[in-house]
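>>> Pasting the sequence and the predicted model now:
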Amino acid sequence: HQQGMKGKALSWKHEDFPSANELRKVIPKDCYEPDTLTSLGYLSVSVVGTAICTAVGVAMLDLFDPANILTLPIWTAYSAVTGTVAMGLWVLAHECGHAAFSKNRDLQDAVGYIIHSIMWVPYYSWQRSHAVHHQYTNNVELGETHVPEILEDKEEGSYALRSFLLDTLGETVGIRVWGAFQGFLHLILGWPAYLMIGATGGLDRGMTNHYYPNPLTTPNQPKKELFPGNWKEKVYKSDIGVAAVVAMTATWSICNGLPQVMALYGGPLLIVNCWLVLYTWLQHTDVDVPHYSQADHGFVKGALHSIDRPYDKLDPWGIIDFLHHKIGTTHVAHHFESSIPHYKAEAATKAIKENFPEFYLYDPTPIPQALWRVCKGCTAVEKRGDRWVWLNDNAENLL
């Protein structure tokens, strides 16, 4: 099924991909150099923005008691705004994990550790699993996050459930129920499920947990476990920060009540998680973007299956894209070289687009429509030649 990218990625042949050196040569050398002051400047934008939102929230407590259910719409709107602003902090912490924030490693790790801990994310654990995600992008066996379900039998799994809904509720209602269910699973439950049990993680790594370094189930490839060697100690170092924040949150709840905690902190954090999943899901998933087995995979091939999207058009002024440091509009360049700081990623994107236009994936579909298409159409993959392709033979006309 072809959509916004017109099946472009499905037309590529293994031998046509450029080498890493060929790609690296076209990117201006300056792009690889982070500037600490510039990074701190962008950090201050996100910190000040989040602080202002929080101050407004604290002032609202006297007017709108979070314990009163009638104030839920007001606090939901507050969470949407504050979480959207705070997502900028996440992006910069993610940049710290890639060593794209500063050449001062101690400063970089301190910023990343503090921000990720505040968001209940173990910094070093995520640094490791995210690096693995970059190494094995769109790899069905060793990828991390949004690894598709492999179709083994049309009578089982997600494909069968979608077919059941289409048959039982009718095509129009059935596909909407399925899409809403997928959206809820991914956007609301997806991130904590990934951290806790490695949901949508690499099939060959076994079940994983970001707070405990050993696999929870026996991996198919023991040498490819998620946290090998000295990473195990780093996982526990990460846990200290998260445990401290959890303890503070519990104390706050005991003293002031859970409604206040959810209004000022839990709600915005849920929105941050939604943004995170939205970005990672749509950057690597669409009905006409394939995946590969390890034998047919390569780093450059995986990186070039990343997708840039028009997040700059989510609002009339491009505010959201600015607040999120353009993470969704420059993701192809980021996946090729993750040490490029976000404020130099536009130049790198331009270079890739100009020199390798045939290998640059950009989908102009507006974000809400693209998300809805992915929710409905990206259910399970089947092997076709050297690719794993999304199967939509019973839903082609519903996407």
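It's in.
>>> Surely Pro192 touches Asn273?
Yes: using CB atoms under 8 Å, Pro192 is in contact with Asn273, at 7.4 Å. For the C-beta atoms, the positions are set from N, CA and C on the backbone; glycine is no exception.
>>> Neighbour count for the two, which is higher?
Shown here are Pro192 and Asn273; by other CB atoms under 10 Å, Asn273 has more neighbours (23 against 13).
>>> in what helix or strand does the nearest residue to that one once chain neighbours are set aside lie?
Nearest non-adjacent residue to Asn273, counting by CB to CB, 6 or more residues apart in numbering: Trp191, 4.3 Å away. Assigned by DSSP states H and E, Trp191 belongs to helix 190-197.
>>> model confidence over that helix, on average?
Mean per-residue pLDDT for helix 190-197: 97.
>>> what packs against the helix or strand following that helix?
Following helix 190-197 in sequence order, the next helix or strand is helix 231-256 (DSSP H and E). Of the remaining helices and strands, those touching helix 231-256 by 3 or more CB pairs under 8 Å, 6 or more residues apart in numbering; DSSP states H and E are helix 105-118, helix 123-135, helix 258-261.
>>> got the angle between helix 231-256 and helix 190-197?
Relative orientation of helix 231-256 versus helix 190-197 (axes from the mean of the first three to the mean of the last three CA atoms, to 10 degrees): 120 degrees.
>>> So which bits of helix 231-256 are buried?
Counting neighbours by 16 or more other CB atoms under 10 Å, one finds that the buried residues in helix 231-256 are Trp231, Lys234, Val235, Ser238, Asp239, Gly241, Val242, Val245, Thr249, Ser253.
>>> average pLDDT for that helix?
Rounded mean pLDDT across helix 231-256 is 98.
>>> okay, the angle between it and helix 123-135?
Using the same axes, to 10 degrees: helix 231-256 against helix 123-135 is 120 degrees.
>>> what separates helix 231-256 from the chain centre, distance-wise?
23 Å (CA atoms, centre = their mean, to the nearest Å).
>>> Likewise for stretch 98-112?
Distance, centroid of stretch 98-112 to centroid of chain: 20 Å (CA atoms, centre = their mean).
>>> Repeat that for stretch 29-43.
Using CA atoms, centre = their mean, the offset of stretch 29-43 from its chain centre is 22 Å.
>>> Pull up the distance across stretch 317-326, start to finish.
13 Å (CA to CA, to the nearest Å).
>>> And it, what's buried?
By neighbour count with 16+ other CB under 10 Å, stretch 317-326 contains the buried residues Ile320, Asp321, Leu323, His324, His325, Lys326.
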